[in-house]
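Chemist: I'd like to go over a predicted model; first the sequence, then the structure.
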4 protein chains.
Amino acid sequence: MLKVALLGAGRIAQVHAKHIQDHPDTVLFSVSDMFPAAASALAEKYQARVLAVEEAINHPEVDVVLVATSTDTHADFSLLAARAGKAIFCEKPIDLNIERVKACVAEVKKLGVPFMIGFNRRFDPNHAHLNRALRSGEIGDLEHLQICSRDPSPLPDDYLLASGGMFRDMTIHDFDMARFQLGEEPVAVSAVAAALVSPTVKAAGDVDTAVITLQTASGKIAVINNSRRSGYGYDQRIEAHGQKGCLYVHNVPTTTLVKVTEEGGAQAQKPLHFFLERYQEAFSAQWKAFVAALKGNQPMPTSADDGLKALLLAEAAVESLKTQKVVQINLNEV
Amino acid sequence: MLKVALLGAGRIAQVHAKHIQDHPDTVLFSVSDMFPAAASALAEKYQARVLAVEEAINHPEVDVVLVATSTDTHADFSLLAARAGKAIFCEKPIDLNIERVKACVAEVKKLGVPFMIGFNRRFDPNHAHLNRALRSGEIGDLEHLQICSRDPSPLPDDYLLASGGMFRDMTIHDFDMARFQLGEEPVAVSAVAAALVSPTVKAAGDVDTAVITLQTASGKIAVINNSRRSGYGYDQRIEAHGQKGCLYVHNVPTTTLVKVTEEGGAQAQKPLHFFLERYQEAFSAQWKAFVAALKGNQPMPTSADDGLKALLLAEAAVESLKTQKVVQINLNEV
Amino acid sequence: MLKVALLGAGRIAQVHAKHIQDHPDTVLFSVSDMFPAAASALAEKYQARVLAVEEAINHPEVDVVLVATSTDTHADFSLLAARAGKAIFCEKPIDLNIERVKACVAEVKKLGVPFMIGFNRRFDPNHAHLNRALRSGEIGDLEHLQICSRDPSPLPDDYLLASGGMFRDMTIHDFDMARFQLGEEPVAVSAVAAALVSPTVKAAGDVDTAVITLQTASGKIAVINNSRRSGYGYDQRIEAHGQKGCLYVHNVPTTTLVKVTEEGGAQAQKPLHFFLERYQEAFSAQWKAFVAALKGNQPMPTSADDGLKALLLAEAAVESLKTQKVVQINLNEV
Amino acid sequence: MLKVALLGAGRIAQVHAKHIQDHPDTVLFSVSDMFPAAASALAEKYQARVLAVEEAINHPEVDVVLVATSTDTHADFSLLAARAGKAIFCEKPIDLNIERVKACVAEVKKLGVPFMIGFNRRFDPNHAHLNRALRSGEIGDLEHLQICSRDPSPLPDDYLLASGGMFRDMTIHDFDMARFQLGEEPVAVSAVAAALVSPTVKAAGDVDTAVITLQTASGKIAVINNSRRSGYGYDQRIEAHGQKGCLYVHNVPTTTLVKVTEEGGAQAQKPLHFFLERYQEAFSAQWKAFVAALKGNQPMPTSADDGLKALLLAEAAVESLKTQKVVQINLNEV
């Protein structure tokens, strides 16, 4: 039974706590949070203890440290855990500063501890099914990939202003998804964007509506389109076009109930509202994949390098938007 | 070039006139109608002449008589045309009185003139595609057939009261469709029905909502469900279940535009409104099939017997509703 | 914390064990099964004890008895539990013999213990959503209900022969669903059926393909179509037609991945394979509803009467098939 | 009755001939083609005469000249017709050389004759429906437009090599569609592309797979994705995302027949094969719109400027691909 020290007690930490406890091979050992009341509430729910962060990381019974605190602490806590020789599961991103990410990734690699970055979407049954279909050649060589990723509505202004910008905060998931589905590293990045949704975003010089185009050395093209507001729920679709046809991942409706009335033809239910609903199964599958890799001494399904590469793509997109040029990038030398 | 005498100048006659004129091998020779103004208007549009019914039927230049007058004249005009040795296309039904239908069919057969009854739905590209798929064994032996047939809204009270009842007027198309798709004659008929939509229908002792179940000798089951009012357009769907799977004919939407908003998930356009829209192509294909059979000396795709058999099924449904029993029927001896 | 004695350790009992354990207010206290090894395995998994049936039922710490043994023991074990004053959750059916069911239901009612019958489908999010939409008048008065219920493939011959016949074993779920969605008791039942799928079923004089039609006093019509074999997974759809439009519950696909290739247009994934997959959430929601009713001293969402009424409809369908007549029934006097 | 001189007798000319003849206000007066046999065959079918191009253009009875010859003659023949004072319908593009297009458009405008360019897709019922929905504000301000446009398979090598390149030949339709749906001129163009499909295209230095991104002054973004080969038919879809939701134009399937079998879930028919099938109604509606504008002395629905602007966008895309930069463009000063 692997004992897990959970750092953080917020929304995403609560999701992890449940999956840790549901898993037959892991148990929630401790919860740490800057808000003691939050830590206590979560710890009590699963009969775990409350520990200070350093105490938890260095506790001899702890096997795994799960970092689900605020973004600016991810790198430091990961490094502490790595130095303590623990296996690490770290929520994305490692950091918003690319140099800190590089330094952290380098040290984690040197220390050789298992490290997995939380790109939950790869474990969504629909996206994972697409990936298997692409890898098994169901549509031959992939030529064009299209990722639609829209939040239901803008997150709170505080969050948006501290997010590091849309590309680093939101598109980062899509950069990882593009790499995952392409099966080949992008070598060129271009971005077109605008602030059409949120006055706060606009005032801050950030964007909330964007199209980012990636191209690989063999010519494959991936397009990501993002919006901070769909109006109709979490819009998470992918289209993959290849030699022999097309594969689509559609949204998941709340239920399969469909209505036809005088007002209009067949009307399906809205897509699942946001990531907690849409990626519920993905979070569970992600934890299972982490535990399986750990127990089997296998490489982690999403590595520290994956975290770094997604951020490098975000940096390139920021630069492209500024320079109005295609930005070349070499992720193979990371 | 086959010269066609069109009897009738109403809505359905106008549809036929267009297809006669569009066909490279047929020309509209004359129009006859009890309302001279209607006949003149239609004749003028296609540069045809106006003739009295008997004159048209017996005109030596006329090759084909198309009977699209009111139901109560179908049998008489068909017989006149048959005696004049003309090929006949007759709108359904031949008559509402089963004895008159039998007598008419018998004489037409004896006279040996080509006779086709207007069951337009068989020629709808969707229903025809289903038929080819069933006959070619795409789902193995058919086991269960389900026909949904709902009008957008009740027809005018005058029409309903003169219609001969829902089974003879509306379901008759579905009885023919069931026979067409089953590929085997029904031997048993049972009906459950109610008047839930139209007070006029209820007061007249007729029904406007019904489920009719047919079974063939080999056990295949067909279910027809009817309503005089859908509220959302013409509902014309079929489901066929067999050994190896299921085939569906879905409705045809007005356009393929789909909308997703805060109010609801993906919403398609309403189905095509009524038979003139949904079966536009079917009417054209039906006329082509008639002309092809005529020129090729082939049996007609829908014969006088098909008209008779559909009416016999309607009679059986009426009896089942009255007696609350399954009614046995033998269509092979017709 | 309610302590649950689970009778049975087979497939469905294992599903219940999980949901008992997952629920914050219930715990698996004991497992009983005629096969000690099965009971031990399940008990061990959840750290429960193994007890003999009578011992479990009468154990002073036990609050709830969950009957998930073979069908022929449901009535006896339910009665033992009722006499011991326990709350009871009993898998459907109470018994295959209508007189035993009546006697059991009467005694359970007299003893006044909480009793819920396991009609899991009512708790499926899709079917439940339909029910809320119907009750809230989204399509006005319901006029026509259509339930499609097909198993992926025939169950083992042993099961089929001991099942009590398709109407009592399989259609019973659909009879309950019809009552649930109609919101009004059926007063007339007619059935058309055949053995088209399984030679075993045919030899035993049972049927595997059926259409059953129900009608309520106000004229509403419900049609159930059943097959013991779909070939493509668990086919569980409902269509409800009313004054203002139509509502459909569609199947749930394995994933939302859709493929378009040279071989064919947009192809969705197959429906979830069978009841364990499709009704996974339903089983969980069912248990939650049972516990909520128990704790809140509310009437059970599905009562012993619901079990009896569904079986009475099955009996009426059997009689209709034999007599080839519509069978009248009065469920309000049960 | 407007008399039309049709220049050209090839595939697209034949489509126009039919619609000219079907229209109550136009008649096919003459056919001209460099291949006399082709001209004769088409003329004979509709009882028109065969004339040399200049003869036809200058014939005093001719009201309209329809230019459907090879691309390199469009500008010259249009100018001849304009000088003869005829109304002109010209197939796209006016020319592949931007200077010739500018000169032609300038002279046509100066001569003041009615001139319509053949962007048939605007008249597709689905795309037109989207346009009405956008203009009427169904989803508020448009923010992101996505146009998918894929041919079923690469056209013959001869055609591809003479086409002027994918952007000028194929994407030109999508540039017009983007302008039509955006309702605002693009000010910036960027392109990413590759030759992944056709070795001929690759050897010629052209591309067959592309993503072109347009942005308007207000920030709206349009993405066009193109491929010379879908493998599954003509892929012509649009997605429009705005303040209040999303609108999609889906492909039109051959029929609405859907199949579910052991091999897979619900499978629709393939999209209509190519432009003659998908845009059949569009070509008819386009001609009606031309005639209506002509008779009503209204501005043409698609003007010579529309032809020029689409080509200017193609030129900008070519430049962006070469320079790897966003290219600024000002279509308001055309």
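Modeler: Looks like it arrived, so ask away.
Chemist: and A:His127, how many neighbours?
Modeler: When neighbours are counted by other CB atoms under 10 Å in any protein chain shown, A:His127 registers 23. Placement of C-beta: from N, CA and C, glycine included.
Chemist: which secondary structure element contains it?
Modeler: In this structure, A:His127 is located in helix A:125-135 according to DSSP states H and E.
Chemist: tell me what that helix is packed against?
Modeler: Helices and strands touching helix A:125-135, as assessed by 3 or more CB pairs under 8 Å, 6 or more residues apart in numbering or on different chains; DSSP states H and E, comprise helix A:171-182, strand A:235-242, strand A:245-249, helix A:280-295, strand C:257-261.
Chemist: A:Glu281 contacts A:His127, correct?
Modeler: No - between A:Glu281 and A:His127 there is no contact under CB atoms under 8 Å: 10.9 Å.
Chemist: tell me, what's touching those two both at once?
Modeler: Common neighbours of A:Glu281 and A:His127 are not found (criterion: CB atoms under 8 Å, 6 or more residues apart in numbering or on different chains).
Chemist: quick revisit: can you give the distance of the helix holding A:His127 from its chain's centre?
Modeler: Taking CA atoms, centre = their mean, to the nearest Å, one finds the center of helix A:125-135 at 17 Å from the center of the full chain.
Chemist: quick one: buried residues of stretch A:10-22?
Modeler: A:12-20 (16 or more other CB atoms under 10 Å in any protein chain shown).
Chemist: related to what we said a few turns ago, so which of the helices and strands packed on helix A:125-135 comes closest to B:Val105?
Modeler: Of all these, strand C:257-261 sits nearest to B:Val105, with 47.9 Å by CB to CB.
Chemist: pLDDT averaged over that closest one - what is it?
Modeler: The average of the pLDDT scores along strand C:257-261 is 96.
Chemist: all strands in the stretch 1-150 of chain A, in order from the N-terminus.
Modeler: A:2-7, A:26-32, A:49-50, A:64-67, A:87-91, A:115-118, A:142-150 (DSSP state E, counting those that start in this stretch).
Chemist: Output these as TSV; include the columns distance to chain C, mean neighbour count and mean pLDDT.
Modeler: Below are these laid out as TSV (distance: least, CB to the nearest CB, whole Å; neighbours: other CB atoms under 10 Å in any protein chain shown; pLDDT from 0 to 100):
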stretch	distance to chain C	mean neighbour count	mean pLDDT
strand A:2-7	19	25	98
strand A:26-32	14	23	98
strand A:49-50	20	18	98
strand A:64-67	22	27	98
strand A:87-91	23	25	98
strand A:115-118	22	26	98
strand A:142-150	13	24	98
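Chemist: For chain D, find the nearest of these.
Modeler: With CB to the nearest CB as the measure, strand A:142-150 is the member of these nearest chain D (5.0 Å).
Chemist: contacting residues around the very next helix or strand once past that closest one?
Modeler: Once the chain leaves strand A:142-150, the next helix or strand it forms, by DSSP H and E, is helix A:157-162. With CB under 8 Å, 6+ apart as the test, helix A:157-162 has contacts from A:154, A:198, A:200-201, A:204, A:206, A:228.
Chemist: what helices or strands is the helix ranked longest in chain A leaning on?
Modeler: Ranked by residue count, the top helix of chain A under DSSP state H comes out as helix A:304-323. Here helix A:304-323 touches helix A:98-111, strand A:115-118, helix A:166-169, helix A:171-182, strand A:186-194, strand A:209-216, strand A:327-328, going by 3+ CB pairs under 8 Å, 6+ apart.
Chemist: Return the nearest residue of the stretch 201-334 of chain A with respect to chain D.
Modeler: Closest to chain D within the stretch 201-334 of chain A is A:Gly219: 3.1 Å, counting by CB to the nearest CB.
Chemist: which residues does that residue contact?
Modeler: A:Gly219 touches A:143, D:194-196, D:209, counting by CB under 8 Å, 6+ apart.
Chemist: rerun that using 6 Å as the cut-off
Modeler: Counting by CB atoms under 6 Å, 6 or more residues apart in numbering or on different chains, A:Gly219 makes contact with D:194, D:196.
Chemist: Would you list the phi and psi of it?
Modeler: Phi and psi for A:Gly219, reported as degrees, to the nearest 10, are phi 100, psi -10.
Chemist: One more: A:His250?
Modeler: According to degrees, to the nearest 10, A:His250 has phi -90, psi 170.
Chemist: does it really touch C:Thr255, like I thought?
Modeler: No - counting by CB atoms under 6 Å, A:His250 does not reach C:Thr255; the two are 9.2 Å apart.
Chemist: picking up where we left off before, now the helices and strands packed on helix A:304-323 in a markdown table, with distance to C:Ser78?
Modeler: What follows is these, written out as a markdown table (distance: least, CB to CB, whole Å):
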| stretch | distance to C:Ser78 |
| --- | --- |
| helix A:98-111 | 59 |
| strand A:115-118 | 48 |
| helix A:166-169 | 57 |
| helix A:171-182 | 52 |
| strand A:186-194 | 64 |
| strand A:209-216 | 61 |
| strand A:327-328 | 71 |
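Chemist: Minimum distance to chain D: which of the ones you listed has it?
Modeler: It is, among these and with distance given as CB to the nearest CB, strand A:186-194, at 3.1 Å.
Chemist: Neighbouring strands - and their directions - for the closest one?
Modeler: Strand pairing for strand A:186-194, using DSSP bridges, gives strand A:209-216 (antiparallel), strand A:327-328 (antiparallel).
Chemist: which of these sits most buried?
Modeler: strand A:209-216 (a mean of 25; mean count of other CB atoms under 10 Å in any protein chain shown).
Chemist: wait, what's in contact with A:Asn120?
Modeler: Taking CB under 6 Å, 6+ apart, we find A:Asn120 in contact with A:279, A:282-283, A:286.
Chemist: which residues does the spatially most central residue of chain A contact?
Modeler: Nearest to the mean C-alpha position of chain A, by CA atoms, centre = their mean, lies A:Phe119 at 3.2 Å. For A:Phe119, the contact set (CB under 6 Å, 6+ apart) comprises A:92, A:176, A:302.
Chemist: Highest neighbour count among those?
Modeler: Most surrounded of the contacts of A:Phe119: other CB under 10 Å gives A:Thr302, at 25 neighbours.
Chemist: dump the residue contacts of that residue.
Modeler: Neighbouring residues of A:Thr302 by CB under 6 Å, 6+ apart: A:116-117, A:119.
Chemist: residues from chain A in reach of chain B?
Modeler: Contacts of chain A with chain B, taken as CB under 6 Å from any CB of the partner chain, map to A:231-232, A:253, A:260-262, A:264-270.
Chemist: filter those residues to the buried ones?
Modeler: When the residues of chain A next to chain B are checked for burial by 16+ other CB under 10 Å, the buried set is A:231-232, A:253, A:260-261, A:264-270.
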